[in-house]
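# coords below, sequence missing:
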């Protein structure tokens, strides 16, 4: 089997000899090659940024450009050698001609030739990159995603948005061009891609995207689109701009799915000014709306909600509504509620004893797999312990200690009380 060998003697290349038959022809060939290379490079950069929808095609174009660049640099290097290397270097080394006496009178200057060729390649690549407005850097940080977002397959466009949202790419989130790329995806014909683009804009906190997201909320978009846009506004976290549109959407009882999105957005904003708009939704006939209203109030944690939540609890709700109301009470209770909670604890049986199930987790999992506990899966008695602990744990230390020491209490109740005592000790240190 023949072995592959690296040819280092320029005289053995034998490339493009027809262009080197005369200096004039070599000058013309070099000029044409450079012009074609620069023109093709600028066209390729523009095409890949503005038109191409195939990463593979772009790789082929880049490969072809590198080959063209190498050819142009080779011809320029031969011209430089003809001008600056001593003697009839082009005739004897490149064209392989020998004098009448058969003696070669010049050196091949192979080392110098390779150095000049390398410098020519680097210089030409630099000039093309500069002329294309920093193509290589822009393609790496922006163009690659733009190409994928133009792909015909929605799955590829979704994958591009997923990659943009990857925390590993956090450093490029502030690039204006990348922000524009994400916002441009708001007009994608595929609903799933549009909604993922909304979410990505929220994750990147693109302030400039808020107007378009609000247009989605206030326009004729689907409930699913409004849901996603509302969450994005919550993630951007600019209450001055988005609070009112989110509250308006939350009141739209004809679109429960959009209401849920609005409540998620309001919960992410966690602004006390929205409490009054959220409170009525805790009595919604739609469980998703009702539980998310309670969750949003928990995220806000305002005592303004306390009287309303106590009223709900005192009406003795059942099932999911009772679970959500008790969860909210953990965050809005005041000292007035402590003795009530302790008495309620004594009167409340465990779910099994009462002949009904205790609460189960209701979880919202976001695109980035972050989980939000809309309803917590602890028992009502555990919730009551936490109401007391969150309100004034230090004053009721002895009560928690009695629960820990009481063998009649279930293991889980004693464990929760013990955790409260541990946190008290840590706070005192």
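That came through fine. None of these values were measured; they are calculated from a predicted model.
# please count neighbours and contacts with C-alpha atoms only from this point.
Noted.
# distance check, the most centrally placed residue in the chain against residue 290.
Closest residue to the average C-alpha location of the chain: residue 165 at 1.4 Å, with CA atoms, centre = their mean. Applying CA to CA, to the nearest Å, the value for residue 165 to residue 290 is 31 Å.
# break down the stretch 1-150 of the chain into its strands, ranges please.
Read by DSSP state E, counting those that start in this stretch, the stretch 1-150 of the chain holds no strands at all.
# low pLDDT regions in it?
Along the stretch 1-150 of the chain, segments meeting pLDDT under 70 span 1-18, 20, 96, 98-106.
# just the mean pLDDT for the helix or strand hosting residue 398, thanks.
If you go by DSSP states H and E, residue 398 is part of helix 397-405. The average pLDDT within helix 397-405 is 94.
# now for that helix, which elements pack on it?
Contacts defined by 3 or more CA pairs under 8 Å, 6 or more residues apart in numbering; DSSP states H and E place helix 397-405 against helix 411-428.
# hmm, who's touching the helix it packs on?
381-382, 385, 389, 393-394, 397, 400-401, 403-406 (CA atoms under 8 Å, 6 or more residues apart in numbering).
# the residues you listed, buried ones only, as a ChimeraX selection?
ChimeraX command restricting those to the buried ones, with burial defined by 16 or more other CA atoms under 10 Å:
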select :381,382,385,389,393,394,400,403,404
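# quick one, helices of the stretch 201-350 of the chain?
210-218, 223-236, 239-250, 256-269, 275-278, 287-300, 306-314, 319-332, 338-347 (DSSP state H, counting those that start in this stretch).
# which one of those lies closest to residue 156?
helix 223-236 (19.9 Å; CA to CA).
# okay, angle between that closest one and helix 239-250 too, please.
Note on geometry: by axes from the mean of the first three to the mean of the last three CA atoms, to 10 degrees, helix 223-236 and helix 239-250 are set 150 degrees apart in direction.
# how far off helix 256-269 does helix 223-236 point, in degrees?
Using the same axes, to 10 degrees: helix 223-236 against helix 256-269 is 0 degrees.
# helix 223-236: which residues count as buried?
Those would be 223-236, for helix 223-236 by 16+ other CA under 10 Å.
# follow-up on the earlier one: name the nearest residue to the residue nearest to the centre of the chain, ignoring sequence neighbours.
Of all residues not flanking residue 165 in the chain, residue 200 sits nearest, at 6.2 Å (CA to CA, 6 or more residues apart in numbering).
# do you know the pLDDT at that neighbour?
pLDDT at residue 200 comes out at 97.
# the helices of the stretch 201-350 of the chain: which one's closest to residue 50?
helix 210-218 (22.4 Å).
# contacts made by the closest one with the rest, please.
198, 225, 226, 229, 230, 232, 233, 241, 242, 245, 246, 249.
# and it with helix 256-269, angle?
Using the same axes, to 10 degrees: helix 210-218 against helix 256-269 is 150 degrees.
# in stretch 181-201, what's buried?
Those buried within stretch 181-201 under the rule 16+ other CA under 10 Å are 181-183, 185-186, 188, 192-201.
# again with stretch 65-76
Here stretch 65-76 shows 65, 66, 68, 69, 70, 71, 72, 73, 74, 75, 76 as buried, counting by 16+ other CA under 10 Å.
# mind putting these in a markdown table, distance to residue 52 included?
A markdown table is the format used below for these (distance: CA to CA, whole Å):
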| residue | distance to residue 52 |
| --- | --- |
| 65 | 16 |
| 66 | 18 |
| 68 | 20 |
| 69 | 21 |
| 70 | 24 |
| 71 | 25 |
| 72 | 25 |
| 73 | 27 |
| 74 | 30 |
| 75 | 31 |
| 76 | 31 |
